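Participant: 3D, please:
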Amino acid sequence: MNSLKLGCIACTEAKLSVAPYGPAKGRQTKIGELTHMDLWGKYDVASIHRNQYYLLLIDDAARYITVEFLKTKDQAAQKIKNYMTYLKAWSKTPCAIWADRGTEFVNENLQNWCQSQGIELQVTAPYSPSQNGVTKRMNHTLVELARAMLTATDLPEFLWEPAVAHVAYLRNMSFTKPRVNVMPYQLWHGIKPNVLHLCEFGAPVWVLLQGQRVQRKMLPKSQRRAYVGYDKGSKSIKYYNAATRNVLTSRNYCFLSRAEPSPPEKIGINPDAPLQGEQDPPCKGEQEDGTHNATPENSPDNPRKRKAQTNIDPREPRRTRGVCKDYRYLHDPFPDKKEASMLCVTKEQVFTVIPSDDCHSLKEV
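Facilitator: The predicted structure follows:
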């Protein structure tokens with residue numbers, strides 16, 4: 001039952017809420033005609049280039065992203081003028097700008113310039129940020145990815161500017177929901193992007209030392225740095241030098257590939273091994289039913305047993321693989337009196353041993 005009464009002022013004042021926005025309507029625009037804009041900031045920590053804001057510009061047709069970093073809000077108007085001039089230089093026709101009601105967009109300077117250029121400035125309703133949802137959602141994406149990259153690489157917080165720029169560069173080479181079969185970079189430039197140069201943010205890179213930074217001849221020619229972006233114009237990389245706290249550019253660099261993990265060890269399979277539940281094959285001397293042979297190992301008829309040797313002189317050393325010393329005669333070298341009368345010990349002089357000598361070791365002799 002609907003409790004609202006037609007024309008009830010009290011119910012209207014008590015129950016009025018925000019109206020739903022409804023589904024988004026598709027726009028049939030050409031590249032460069034409509035641009036979504038939003039300003040992000042002020043961030044508490046200034047970037048490495050002393051910036052605290054960035055201006056996000058998204059083309060409605062291609063969803064191509066452009067990011068401009070600012071030190072103050074009043075620089076936004078000049079960045080917008082530069083962007084519109086860039087579109088005209090590349091044979092694109094800017095017709096409208098879609099932004100919120102911030103003072104960086106709604107000001108006399110920018111409004112007069114848009115009127116002189118024939119560009120319509122469209123703004124959202126007050127307190128309705130969802131009407132500018134294209135840039136709001138993209139801001140959420142850029143900030144989250146930049147935060148994740150800084151956390152994963154353990155780089156300082158003031159490198160958020162190159163992190164956001166790198167995320168925007170990657171998003172232009174990725175597929176989006178409004179344009180499933182084509183990338184924004186391909187629609188904007190008319191060619192497919194080359195992704196061979198892409199590398200992980202914060203990856204270690206070795207940069208050649210040049211100019212005044214060249215070291216002596218016996219010192220290394222390159223040093224390790226952190227990769228923070230790609231400079232498309234000069235086809236070089238941007239790297240962070242922690243010693244000088246600067247972001248520099250170089251085209252003489254080298255990325256080292258990570259060591260591939262060793263393959264898992266092969267598991268040997270014996271095809272003759274018994275399956276689970278089967279009995280093991282009988283051992284030597286054992287029958288298939290598990291009983292042993294009737295011939296014991298101690299029996300003389302057992303072929304495995306070595307035959308006993310006869311006529312062995314106990315004074316001769318035992319022969320195995322070679323002649324071994326008989327350690328039994330080390331402390332008693334004269335077991336027999338007859339043998340003692342024939343033996344002698346030679347060192348530097350010769351001493352004759354007679355049977356009457358009572359010697360039981362070499363030291364006594």
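
Participant: rest of the way, CA atoms for contacts and neighbours
Facilitator: Will do.

Participant: how about the strands in the stretch 1-150 of the chain?
Facilitator: Listed in chain order, the strands of the stretch 1-150 of the chain (DSSP state E, counting those that start in this stretch) span 34-40, 53-59, 65-70, 96-99, 120-123.

Participant: List the contacts of the second one.
Facilitator: What that stands for is strand 53-59. Contacts to strand 53-59, defined as Cα atoms under 8 Å, 6 or more residues apart in numbering, come from residues 31-43, 64-73, 76, 134-135, 139.

Participant: neighbouring strands for that strand, and are they parallel or not?
Facilitator: Partners of strand 53-59 in the sheet, by DSSP bridges, are strand 34-40 (antiparallel), strand 65-70 (antiparallel).

Participant: What mean pLDDT does that strand get?
Facilitator: When pLDDT is averaged along strand 53-59, the result is 97.

Participant: Now, of the contacts of strand 53-59, which are buried?
Facilitator: 31-40, 64-71, 73, 76, 134-135, 139 (16 or more other Cα atoms under 10 Å).

Participant: returning to that earlier point: turn the strands paired with strand 53-59 into JSON lines, including distance to G211 and mean pLDDT.
Facilitator: Below are the strands paired with strand 53-59 laid out as JSON lines (distance: least, Cα to Cα, whole Å; pLDDT from 0 to 100):
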{"stretch": "strand 34-40", "distance to G211": "38", "mean pLDDT": "96"}
{"stretch": "strand 65-70", "distance to G211": "30", "mean pLDDT": "96"}
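
Participant: Out of the ones you listed, which gets nearest to V180?
Facilitator: V180 sits nearest to strand 65-70 of all those, at 16.2 Å, using Cα to Cα.

Participant: what's the neighbour count on Y227?
Facilitator: When neighbours are counted by other Cα atoms under 10 Å, Y227 registers 25.

Participant: Tell me what it is bridged to.
Facilitator: Beta-bridge partners of Y227, as defined by DSSP bridges: Y239.

Participant: how about the strands paired with strand 53-59 in a markdown table, adding distance to H166?
Facilitator: Listed next are the strands paired with strand 53-59 as a markdown table, based on distance: least, Cα to Cα, whole Å:
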| stretch | distance to H166 |
| --- | --- |
| strand 34-40 | 16 |
| strand 65-70 | 10 |
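
Participant: Which one, of the ones you listed, ends up nearest to L219?
Facilitator: For L219, the closest of these is strand 65-70, at 38.6 Å, according to Cα to Cα.

Participant: can you list the residues that contact that closest one?
Facilitator: Residues outside strand 65-70 that contact it (Cα under 8 Å, 6+ apart) are 51-59, 76, 79, 161, 165, 168-169, 171-172.

Participant: Go again with 6 Å.
Facilitator: Strand 65-70 has contacts (Cα atoms under 6 Å, 6 or more residues apart in numbering) with 51, 53-58.

Participant: could you redo these as a markdown table and give each row distance to V182 and neighbour count?
Facilitator: Listed next are the contacts of strand 65-70 as a markdown table, based on distance: Cα to Cα, whole Å; neighbours: other Cα atoms under 10 Å:
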| residue | distance to V182 | neighbour count |
| --- | --- | --- |
| N51 | 33 | 19 |
| Y53 | 30 | 23 |
| Y54 | 27 | 23 |
| L55 | 25 | 19 |
| L56 | 22 | 21 |
| L57 | 20 | 24 |
| I58 | 16 | 21 |
